[in-house]
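Novice: Whatever this is, show me its structure:
(one chain, ligands or ions: 1)
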Amino acid sequence: MKDSSHFAGKTLMITGGTGSFGNTVLRHFLESDVGEIRIFSRDEKKQDDMRHRLQLMHPECAEKVRYFIGDVRDQRSVRDSMHGVDYVFHAAALKQVPSCEFFPMEAVRTNVIGTDNVLHAAIDEGVERVVCLSTDKAAYPINAMGKSKAMMESIIYANARNGAGRTTICCTRYGNVMCSRGSIIPLFIEQIRKGMPLTITDPAMTRFLMNLDEAVDLVEFAFLNAEPGDLFIQKSPASTIRVLAEAVQKIFGQTDVKIIGPRHGEKLFETLMTCEERLRSEDMGRYFRVRSDTRDLNYDRRIETGEVRTMADESYTSHNTDRLDVDRTVEKIMTSSYVRLALEGKLAEDEFSQA
Ligand SMILES: O=c1ccn([C@@H]2O[C@H](COP(=O)(O)OP(=O)(O)O[C@H]3O[C@H](CO)[C@H](O)[C@H](O)[C@H]3O)[C@@H](O)[C@H]2O)c(=O)[nH]1
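Specialist: Below is the predicted model of the structure:
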């Protein structure tokens, strides 16, 4: 992390801390002189693995990390782990589209109620900043995962608007993180290794591509720049699944391709910023900021004059963003440490990419 003096001596908590994001962010945060990092998650085995990995690879900072077993669904466990915390990074979520489609109430419990629990505990405990992680699937949502994340965002903005005391709550939204657990690139690599055909849902589908370090940069940018209720969006390139498959094959070897059709709840393209958000967005270089709408419900008091615009002409989507060809997709994919290690046959040795 570049300048991380803002974490000096502070206590940070990462919900969903044993996931891909949690592992990457932990590595970044441990480079700073942070006081303490709390990993909050459900799975004792994953916590134990993380503890051992850290002791093995970075014994000098292992003591700064404390592990809390709990579930964001359970308010008590959230509160008990938040005493004395300065900053919260809320990454705990159900995020697989197909499984949320079959168990939508589970998405509600974790993504909606869980976020409400985290925010209220943070407000009550006087946490200074909470950065929540959302997804492109929350913009014009069509599947249960996206709808639950859209509700999560509403809860974030409502809490920020209704007054969160000394707690600044903000949100980040990004597209597909390459090589996160259960995602397409690791699956393609495995299929090539086993000599099996690549399973492609729809070759024309597009997805935004970013790596885990970029996700961490976005979260840090939000942390440093947020006003209450801000949404920060990472500008990202995208590619079609056909191009992505060709790029992975170019790196790992040719194999057949099988078209399997879209899975439950999938979109042809993703939206990172809606037309309505785009109208009030601010271009900050690598990122967009969408400020929260701070008007109250007394519409009668307002008299609008002149031209009133409700939405921008276009939303910001994986179809109309910078679209990568095969070579640029190869370049992009190679920025993922998972892919580089897989290529060198060193995946098992990596301390964090297995998360
Ligand atoms: O066998 C497969 C599986 C997937 N796909 C396609 O590959 C793309 C990416 O699929 P992933 O499962 O990797 O990602 P999703 O877009 O479904 O969702 C991912 O990105 C989200 C953010 O947008 C969340 O982070 C979520 O956890 C993560 O799974 C999609 O177009 C999908 O249709 C295939 O072609 N073949």
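Novice: can we go C-alpha only for contacts and neighbour counts from here?
Specialist: Fine.
Novice: So what sits opposite the residue nearest the centre of the chain in the bridge?
Specialist: For the chain, residue 133 is the residue whose C-alpha lies nearest the centre (Cα atoms, centre = their mean; 4.6 Å). Using DSSP bridges, the bridge partners assigned to residue 133 are residue 172.
Novice: got a list of what it touches?
Specialist: Residue 133 is in contact with 89-91, 171-173, 219, counting by Cα atoms under 8 Å, 6 or more residues apart in numbering.
Novice: Could you identify the most distant pair in the residues you listed?
Specialist: 89 and 173 (13.3 Å; Cα to Cα).
Novice: Let me see the contact set for residue 317.
Specialist: Counting by Cα under 8 Å, 6+ apart, residue 317 touches 269-273.
Novice: Can you flag which of the residues you listed belong to helices?
Specialist: Members of these lying in helices (criterion: DSSP state H): none.
Novice: Quick check: residues of the protein near the ligand?
Specialist: Residues of the chain that fall close to the ligand, judged by Cα under 6 Å from any ligand atom: 95-97, 135-137, 175-177, 183-184, 199-201, 205, 241, 262.
Novice: How many residues are close by residue 271?
Specialist: 25 (other Cα atoms under 10 Å).
Novice: Let me know the distance separating it from residue 318.
Specialist: 6 Å (Cα to Cα, to the nearest Å).
Novice: before we move on, the earlier item: redo the contacts of residue 317 as CSV? Include pLDDT.
Specialist: Supplementary listing: the contacts of residue 317 in CSV, determined by pLDDT from 0 to 100:
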residue, pLDDT
269, 97
270, 97
271, 98
272, 98
273, 98
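Novice: Could I have the buried ones of these as ChimeraX selection syntax?
Specialist: Filtering the contacts of residue 317 down to the buried ones (16 or more other Cα atoms under 10 Å) takes a single ChimeraX command:
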select :269,270,271,272,273
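Novice: Would you map the strands across the stretch 1-150 of the chain?
Specialist: 11-15, 36-41, 65-69, 87-90, 129-135 (DSSP state E, counting those that start in this stretch).
Novice: now, which of the contacts of residue 133 sits nearest the ligand?
Specialist: residue 173 (8.9 Å; Cα to the nearest ligand atom).
Novice: mind listing what the closest one touches?
Specialist: Residue 173 touches 133-136, 231-234, 272, counting by Cα under 8 Å, 6+ apart.
Novice: residues making contact with the host helix or strand of residue 332?
Specialist: Here residue 332, judged by DSSP states H and E, is contained in helix 326-333. Helix 326-333 has contacts (Cα under 8 Å, 6+ apart) with 178, 209-210, 239, 243-244, 246-248, 250-251, 339.
Novice: hmm, back to that, tell me the spacing between the residue nearest to the centre of the chain and residue 60.
Specialist: Relative to residue 60, residue 133 is positioned 29 Å away (Cα to Cα).
Novice: how far off helix 326-333 does the helix or strand harbouring residue 189 point, in degrees?
Specialist: Element membership of residue 189, judged by DSSP H and E, is helix 184-193. If you take axes from the mean of the first three to the mean of the last three Cα atoms, to 10 degrees, helix 184-193 sits at 110 degrees to helix 326-333.
Novice: the helices in the stretch 151-300 of the chain, which residues?
Specialist: 184-193, 212-225, 241-252, 275-279 (DSSP state H, counting those that start in this stretch).
Novice: Same list, those, but as JSON lines with distance to residue 18 please.
Specialist: Listed next are the helices of the stretch 151-300 of the chain as JSON lines, based on distance: least, Cα to Cα, whole Å:
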{"stretch": "helix 184-193", "distance to residue 18": "18"}
{"stretch": "helix 212-225", "distance to residue 18": "14"}
{"stretch": "helix 241-252", "distance to residue 18": "27"}
{"stretch": "helix 275-279", "distance to residue 18": "32"}
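Novice: For those, give me JSON lines that also has distance to residue 19, mean pLDDT and mean neighbour count.
Specialist: Output for the helices of the stretch 151-300 of the chain, formatted as JSON lines (distance: least, Cα to Cα, whole Å; pLDDT from 0 to 100; neighbours: other Cα atoms under 10 Å):
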{"stretch": "helix 184-193", "distance to residue 19": "15", "mean pLDDT": "96", "mean neighbour count": "18"}
{"stretch": "helix 212-225", "distance to residue 19": "11", "mean pLDDT": "95", "mean neighbour count": "19"}
{"stretch": "helix 241-252", "distance to residue 19": "24", "mean pLDDT": "98", "mean neighbour count": "20"}
{"stretch": "helix 275-279", "distance to residue 19": "29", "mean pLDDT": "95", "mean neighbour count": "19"}
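Novice: which one of those lies closest to residue 325?
Specialist: Nearest of these (Cα to Cα): helix 241-252, 6.6 Å.
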